[in-house]
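> The following block contains a protein sequence and its predicted model.
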Amino acid sequence: MSAAQAPARAMPAPASAVRSSGSYTFRRVFAETGNIILAVVILVWTLLPLYHMLMLSVTPLDETFAGRFWPVTPTLENYRTVFAQDHFFLQNFWQQLGNSILVAVATMVMVLVVASLASFAIGRLKLRFGHIISNTALLTYLIPAAFVAVPFYVVMAQYHLLNTLWALVFAMSTFAIPYAIWVLRQYSENVPFELDEAAKVDGATPWQIFYLVYIPLLRPALIAIGTYSLLLAWNEYLYAFLLLSTEKQHTIPVAMGYFLVTDDSPWGLLMATAIIYSLPPAALYYSVRKYMVSGLTAGATKT
Amino acid sequence: MRSLTRGLLVASLLCGVAGPAFAADLVIWWNKSYYPEEDQQFDKLIAEFKEQTGKDVELVYYTNEDVPKKVLAALTAGQPPDLSYGFLFDLQHTARWAYDGVLEDVSDVVEPLKPHLLPTALQAVTLQNGQTGKASIYAMPVAQQIEHIHVWKSLVEQAGLSLNDIPKTWNEWWGWWCETAQPAVRQATGNRQVYGVGQPMSSSASDTIFAYMMFLNAFDVKLVDDQGNLTVDDPKTRDGMIAAMESYTKPFIDGCVPPGAVNWQDSDNNVNFKNQITVMVPNPSLSIPASEYANKDRYFKEMVTMEWPDKPDGRPIEYIASIKTAVIFKDAPNKEAAKEFMRFFMTPERQGPYLENSLARWFPVDKRLIERPYWHDQSDPHRVVEVAQYTQRPQTIWPQVLNYKIIAVNAENAYGRAVGRVVLESWSAADAVDELIARIKEVAGSS
Amino acid sequence: MAVSVARLPAQQAETGRWSPETVWGTIFVIPYVVVFLALVVWPVAYGVWLGADLSNYRRLFADPIYLGTVWNTVLFLGLGINIKLLLALLLSGFFAQTKPWIRWLSVIFILPWAVPSIPTIFSFRWMLNSEWGMFNGLLWSLFGIEGPWWLIKPHYAMGSVIFVHIWKYLPFWTLILLAGRMAIPTDLYEAARIDGATRMQQFRFVTWPQLKNLYVTSLLLSTIWSLGDFNSVYLLTGGGPADKTHVLATLGIRYAFNLQELGTGVATVMTALPILVPLVILLVRRLGGRVER
């Protein structure tokens, strides 16, 4: 049984299965109280830092924020400044946002194409050295990204790709593809082989099987890894900051990083930028979250 | 599948966006400045140069931290730019690059300027080349920075004190902020979290290095002699270092420095001061008042810039000039064009306006530039003090100019770590200094 | 059709024993092989070469902060990962409830993972500021307590780093374990309930045996990934105070780019290989084997 097939079904809470009875009512109230306390803890835990970001983003730049819980004169001015590129640090905001989008989309495309082809070849066409490839992919998946940053940087210089968006796309794809291959392979195990066989009998070429059978059936998993790689590239800081250097090539996280390396920074603008930048991935995540659980964790849940 | 094709289309567009062009007659990697006007001024100069010479110039701005990284990568890959200027070069790179022989000898550019250059500037670009075993001029001085002191005059006066009452000698001066100003300001403002001294105490801020060097200076410590040999084995040096360490850490131990200072990054002494967490702060540029330039009350009335106190025995302290350098790389394809540009740039009518667009953050190294009216504008309280610091007080240079290996000590900020030993782990200043000396010998010793 | 029939023998002659599947399969894996060779094999080989000079290791071991860094890394992994996964295990039980409001809560709960690291971790940095941060401000105004020196005392600072790491990655692992729980057949629970099992017993005899494998795999994966967690340390403490909160990942980057010693930078992360290699082998066995079977 895998999560891929499992409908969104949850473990029934014991209390809900039971009808009235004194001790059960007590237990139910007890459980519900526990739930609520836990919920409050989770809310505070999750939202306090985000609230702090929000607070800074509506604090006017010339107001001191030290020790405050809410600005004296909250304002949306910082957001306006960001959108209007009305500050030295943000004079390329839209271009940089465009870069972020390009990098994220290109990474997603590259991951989807490369990984789906490779997983099909290994899993469905039973390529002879498939298991070697699949294991080396797994090995890559297991390299901590920060550990190869240094040689990766030098190698990108050798390829003359430093300070191009490609460098970042390649870096992100390198780390996302192995995971994608792995998820796709796990997921595709649940797609019956008979479909391939039937298509083959009908005279379909492997390309047609890939295109007409494999891809449509893997749609949830493809959406999940597409989202995963998109978010990965969208939020990446370390590699982006190492590989991209001119402002016109920066993605937004690098631009945000600059607030940290200079000796005097408009923090309200940093936080306003951050909040604007966080909205698209949050929205994307919510719109595809049902695929995320089933697709992304298809492999992980197999035991 | 349609979305895939669309994606591929985007990807191929991306290909067009990317891809560096390396065909220009002159490639310049310049430090992106802190203020837009400064970059605009430089853009103008480049345009003028292009028009005058008909050369195609590729100019790229990188931030402080990025210029050295890009240069390092470019040198590793064997394709350096022709000309590069970085605010951090002199502290972390120039002397080492000169020693490693990767820099072009630029004597012919700098020699004609010799009569006009400040002695410290000339000294800072005359560097040892390990390949030839000889010293020569390997960099071009563009500007300089030294340590200043900023104070919330408004807070001091609110507390019923006057800046004129501050003692002038070292120990008394620091003591005043801690023992007199801090309690008075706390009482007057009712704010229990305001501190007298904004001393940077961390190993991650270059501010710590700048400030610590001033403390060494106050106690007459020179880490290297005029020949560039380490002096740390000399008991006099050690004693001076211990005294400097005690003096440096005292305000913190006495509770007059925000505890968070042990974690400050370069922006944090600014942030804390601007939030009035600290009454006084040392900083190696005028960035603090400059950032409040738009707020006239703050800039002209509430904040003041001050000089550093005299040494403990009353002699004036030397300011350590950090000379910002531009360099030309030996393996660059267009060295002559780079020199031509620097000759063009290093003239009062071009370099002058460039520096004057930095809100007095960078000070000239060419005497002719200092004579320009900008530096004699008496209406600007911060600039007046700055000019006095540069022109009327003794100046000295950083130790790495004389011994490139000190760069490694600066880079790992061994001083900040020693400070941490004292304030975080309660080591004695002597023990911390002994560890620091051992580390300096390990990193910069003549092995 | 005729064309392809006519062509078939020729094609077979050309490719020898290669079936169309093999030909297509080979074509299909080429993009991945290219990516793998150019972007994994070569950088890794280059890195090994960069770090091969023994003097790099001498330099590293002579660095007074190296041992502390190794210890921090162990602490970071040992505490960070175990606490994180234990919490994830507990919370996954909470989020497995079907109530609609809990679903909504889970939507909020995922935010830390979906939001970029820089501003959130930086936000933490200010909240934890001991003089005027929001945490201590709340402690003072609510309870009149002088809050601890979060980022100042090295132990607290390391604790804060671990805390931030957990905050950031807890949602992801909760999601994984939640998916694991959802995959457990409901009839197992029904059977257990009919046998009169309490909630604790259900967890012990149904949930845990079913989830154990996934939990261990997550533990191993998370260990490896957290070894490369640069952001939590770099953005929160920058390795400070006094270089006392560095982990191998940040120390390596510091060597390579701040100190401009690429070789020592690589050597720094190389010294994690004795931990990393066994973990990787274990994981490849666990994960890879499953697919092949």
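Everything's here; your move. Numbering: from 1, shown residues only, chains lettered A, B, ... in the order given.

> Under the pLDDT cut-off, which ranges of the chain? List them.
In the absence of a named chain, chain A is used. A:1-24, A:64-67, A:261-264, A:293-303 (pLDDT under 70).

> other chain: chain C
Residues of chain C meeting the criterion pLDDT under 70: C:1-17, C:288-293.

> Break it into its domains for me.
Per the record, chain C has its domains at C:20-50, C:55-292, by automatic domain parsing.

> roughly how far is the last one from the heart of the chain?
Centre-to-centre, domain C:55-292 and its host chain are 7 Å apart (Cα atoms, centre = their mean, to the nearest Å).

> can you tell me which residues contact the residue lying closest to residue B:72 once chain neighbours are set aside?
Spatial nearest neighbour of residue B:72, chain neighbours left out: residue C:260 (5.5 Å); criterion: Cβ to Cβ, 6 or more residues apart in numbering or on different chains. Backbone N, C-alpha and C define where each C-beta goes, glycine included. Contact analysis of residue C:260 by Cβ atoms under 8 Å, 6 or more residues apart in numbering or on different chains lists B:68, B:72, B:92, B:93, B:411.

> With residue B:333 instead?
Contacts of residue B:333 (Cβ under 8 Å, 6+ apart): residue B:82.

> any idea how far residue B:147 is from residue A:130?
64 Å (Cβ to Cβ, to the nearest Å).

> before we move on, what about residue B:134?
Using Cβ to Cβ, residue B:134 is found at 33 Å from residue B:147.

> how many other residues sit next to residue A:192?
10 (other Cβ atoms under 10 Å in any protein chain shown).

> Can you pull the phi and psi angles for it?
For residue A:192, the backbone dihedrals (degrees, to the nearest 10) come out as phi -60, psi 140.

> Does residue B:34 belong to a helix, a strand or coil?
When classified by DSSP: H, G, I helix; E, B strand; the rest coil, residue B:34 comes out as coil.

> so it touches residue B:358, yeah?
Yes: contact status for residue B:34 versus residue B:358: in contact at 7.1 Å, counting by Cβ atoms under 8 Å.

> Contact residues of the stretch 151-293 of chain C facing chain B?
C:151-154, C:157, C:237-244, C:257-260, C:262 (Cβ under 8 Å from any Cβ of the partner chain).

> confidence score at residue B:9?
pLDDT, residue B:9: 39.

> Repeat that for the one 10 residues further on.
Note on residue B:19: pLDDT of 37.

> which ones are touching residue 108?
No chain specified, so I'll use chain A. So residue A:108 contacts A:226, A:229, A:230, A:233, B:7 (Cβ under 8 Å, 6+ apart).

> other chain: chain B
When contacts are counted by Cβ under 8 Å, 6+ apart, residue B:108 touches residue B:339.

> ok, now residue A:196?
So residue A:196 contacts A:124, A:209, A:213, A:214 (Cβ under 8 Å, 6+ apart).

> Could you identify the pair within the residues you listed that is furthest apart?
A:124 and A:213 (8.9 Å; Cβ to Cβ).

> Now do the residue in the stretch 251-400 of chain B that chain A sits nearest to: how many residues are near it, please.
Relative to chain A, the nearest point of the stretch 251-400 of chain B is residue B:275 (3.9 Å; Cβ to the nearest Cβ). If you count neighbours by other Cβ under 10 Å, residue B:275 ends up with 18.

> Including neighbour count, could the contacts of residue A:196 go into TSV?
Below are these laid out as TSV (neighbours: other Cβ atoms under 10 Å in any protein chain shown):
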residue	neighbour count
A:124	24
A:209	23
A:213	19
A:214	23
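
> Residue B:409 against residue B:444, yeah?
Yes: the criterion here is Cβ under 8 Å, and residue B:409 meets it with residue B:444 at 5.4 Å.

> Would you mind splitting the chain into its domains for me?
Since you didn't name a chain, this refers to chain A. Using automatic domain parsing, chain A is parsed into the domains A:14-80, A:88-296.

> Switch to chain B, please.
Taken from automatic domain parsing, chain B resolves into B:22-145+B:322-397, B:148-307+B:412-444.

> anything in the last one near chain C?
Yes: with Cβ under 8 Å from any Cβ as the threshold, domain B:148-307+B:412-444 lies in contact with chain C, specifically through B:193, B:195, B:201-204, B:258-260, B:262-263, B:265, B:272, B:275, B:277, B:412, B:416-417, B:419-421, B:424, B:435, B:439, B:442.

> Which of the residues you listed are buried, as a PyMOL select command?
Buried subset of the residues of domain B:148-307+B:412-444 next to chain C, written as a PyMOL selection, criterion 16 or more other Cβ atoms under 10 Å in any protein chain shown:
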select buried, chain B and resi 193+195+201+202+203+204+258+259+260+262+263+265+272+275+277+412+416+417+419+420+421+424+435+439+442
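
> what sits against the closest residue to chain B within chain C?
Nearest to chain B in chain C, going by Cβ to the nearest Cβ, is residue C:242, at a distance of 2.4 Å. Residue C:242 makes contact with B:202, B:203, B:262, B:416, B:417, B:419, B:420, B:421, B:424, C:154, according to Cβ under 8 Å, 6+ apart.

> Please report how far the closest residue to chain C within chain A lies from residue A:166.
Nearest residue of chain A to chain C (Cβ to the nearest Cβ) works out as residue A:144 at 2.4 Å. Residue A:144 is 23 Å from residue A:166, where distance means Cβ to Cβ.

> which stretches of chain A form strands?
In chain A, no strands are defined using DSSP state E.

> and among the domains of chain A, the most buried is which?
Burial of these is given as mean neighbour count (mean count of other Cβ atoms under 10 Å in any protein chain shown); domain A:88-296 ranks first at a mean of 21.

> which residues does the residue of chain A closest to chain C contact?
Residues near residue A:144 by Cβ under 8 Å, 6+ apart: C:224, C:225, C:226, C:227, C:228, C:229, C:249, C:269, C:276.

> Return the residues in contact with residue 269.
As the question left the chain open, I've gone with chain A. Contacts of residue A:269 by Cβ under 8 Å, 6+ apart are A:61, A:78, A:81, A:82, A:87, A:89, A:90, A:259.

> look at chain C instead
Contacts of residue C:269 by Cβ under 8 Å, 6+ apart are A:144, A:146, A:147, A:150, C:51, C:248, C:249, C:252.

> Output the residues you listed as a markdown table; include the columns distance to residue B:142.
Below are those laid out as a markdown table (distance: Cβ to Cβ, whole Å):
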| residue | distance to residue B:142 |
| --- | --- |
| A:144 | 41 |
| A:146 | 35 |
| A:147 | 38 |
| A:150 | 31 |
| C:51 | 37 |
| C:248 | 38 |
| C:249 | 36 |
| C:252 | 33 |
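
> Now do the strands in the stretch 201-350 of chain B.
B:278-283, B:303-306, B:319-328 (DSSP state E, counting those that start in this stretch).

> what would the ones you listed look like in TSV with distance to residue B:119 and mean neighbour count?
Rendered in TSV, the data for the strands of the stretch 201-350 of chain B read as follows (distance: least, Cβ to Cβ, whole Å; neighbours: other Cβ atoms under 10 Å in any protein chain shown):
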stretch	distance to residue B:119	mean neighbour count
strand B:278-283	24	26
strand B:303-306	24	20
strand B:319-328	10	26
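
> Figure out which of those strands is closest to residue A:222.
For the strands of the stretch 201-350 of chain B, the distance to residue A:222 is smallest for strand B:319-328, at 50.6 Å, taking Cβ to Cβ.
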